[in-house]
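Student: Make a model of this:
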Amino acid sequence: MIGDGWTSRLVVGCAEHLQAAGVGVWRPGGSYTADEVAIVMLDIPARPDRLITLAPYVVASPPGMADVTQGLQIRVRGTTDPRAAADIGDAIFDLLDSAEGLTWGGIPVVQVWRQSYTSLGRDSASRWEISHNYYVQAMRPTPNRTD
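Tutor: Numbering: from 1, shown residues only. Presented below is the predicted three-dimensional model:
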């Protein structure tokens, strides 16, 4: 079933965690008002201005180990004022960096940390964007990954 996979559950769990903390609004259907900070998976819609895009990527998956490190690019878009993107990024950092013992989408998350970030400059509508790369150490047991 769509959305039942490990990666989908992890990313949606992160989106729900961000929403629960008041950092942004996660709606799987993707309908947002102009004054909301939208949280989406992979997409970069034109609206609303303030946006958090979650994009997973593999960092480390040692053979036979259920303990994996999943990369999560968190792309933040603000407004034409660069402080808007910085403020959203700061709220994400305060919530996620060095967090331990979480559960996202039923997946045990051992720890989360920000590995890097950089400005992406302005988009075509002059809104400031920043890319944050977080590493998520999580458990991904499978029949072949039991330790």
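Student: Was I right to think F93 contacts R114?
Tutor: Yes. Between F93 and R114 there is a contact at 5.9 Å, judged by Cβ atoms under 8 Å. Using the backbone N, CA and C atoms, a C-beta is placed for each residue, glycine as well.
Student: what touches both of these two?
Tutor: Common contact partners of F93 and R114 (Cβ atoms under 8 Å, 6 or more residues apart in numbering): H132.
Student: buried stuff in stretch 12-21?
Tutor: 12-15, 17-19 (16 or more other Cβ atoms under 10 Å).
Student: Filter these down to the ones in helices?
Tutor: Using DSSP state H, 12-15, 17-19 are the members of these that sit in helices.
Student: which one of those residues sits closest to G3?
Tutor: V12 (7.0 Å; Cβ to Cβ).
Student: Find the residue closest to the closest one in space, skipping its chain neighbours.
Tutor: Closest residue to V12 apart from its sequence neighbours, by Cβ to Cβ, 6 or more residues apart in numbering: G105 at 5.4 Å.
Student: do T53 as well
Tutor: Nearest residue to T53, sequence neighbours excluded (Cβ to Cβ, 6+ apart): R75, at 4.2 Å.
Student: Quickly run through the sheet partners of the helix or strand containing Q70, with directions.
Tutor: For Q70, the host element (DSSP states H and E) is strand 67-77. Sheet pairing of strand 67-77 (DSSP bridges) gives strand 51-60 (antiparallel), strand 128-139 (antiparallel).
Student: Just list what the following helix or strand past it packs against, helices and strands only.
Tutor: Counting by DSSP H and E, the next helix or strand C-terminal to strand 67-77 is helix 82-96. Helix 82-96 sits against helix 6-20, strand 67-77, strand 107-122, strand 128-139, with contacts defined as 3 or more Cβ pairs under 8 Å, 6 or more residues apart in numbering; DSSP states H and E.
Student: Dump these to TSV, plus distance to T146.
Tutor: As requested, those are exported to TSV (distance: least, Cβ to Cβ, whole Å):
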stretch	distance to T146
helix 6-20	15
strand 67-77	11
strand 107-122	14
strand 128-139	11
